[in-house]
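# coords please:
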Amino acid sequence: MMGIGFPELMIILVIIMIIFGAGKLPEIGSAFGRSIKNFKSSMKEAEEAEQTAQVEEGAEGQAPADELQQENLSDEEKERLAREKAQAEGEAKDKAMKDQAEAFTASLPRKGSYDFAKEQAEQAEKNAKA
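Numbering: from 1, shown residues only. All right, here's what the predicted structure looks like:
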């Protein structure tokens, strides 16, 4: 069996540096890291969605869980519920901040909204008064 050892990794790194250049290497690494992080988070979300669907299928005809039922939950389930609640609150805050930023951006003058004819008319009025 062939394994990838240190010499092979160094050869691969040299080839990558030749192809992309040393300046692009940190950008490529960060993009690769972000893609792995996004993949892991999407896998977790898919697993949680699957678990939620299974719980909902099993809970048909039952009343929704309240605080009394939460006392019977395991520590992992309590942590999961706390995480979901914190995530929902964070998403609400993010949406509020995004709406505020969009409102501020909308209040700014748009690029290219300068009216040369209007400025010439204002200059002419100033010159006429003087």
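
# the residue nearest the centre of the chain: which element?
For the chain, the residue nearest the mean C-alpha position is Asn38 (9.3 Å; C-alpha atoms, centre = their mean). Using DSSP states H and E, Asn38 sits within helix 25-58.

# and that helix, what does it pack onto?
Applying 3 or more C-beta pairs under 8 Å, 6 or more residues apart in numbering; DSSP states H and E, one finds that helix 25-58 makes contact with helix 6-20. No exception for glycine: its C-beta is placed from N, CA and C like everyone else's.

# run the chain-centre distance for stretch 3-13.
Relative to its chain's centre, stretch 3-13 lies at 34 Å (C-alpha atoms, centre = their mean, to the nearest Å).

# helix or strand right after the worst-scoring helix or strand of the chain on mean pLDDT?
Sorting the helices and strands of the chain by mean pLDDT, DSSP states H and E puts helix 67-70 at the bottom, at a mean of 54. Counting by DSSP H and E, the next helix or strand C-terminal to helix 67-70 is helix 75-107.

# where does pLDDT dip in this structure?
For the chain, applying pLDDT under 70 flags the ranges 1-2, 56-71, 109-114.

# outline the domain layout of it.
18-50, 74-104 (automatic domain parsing).
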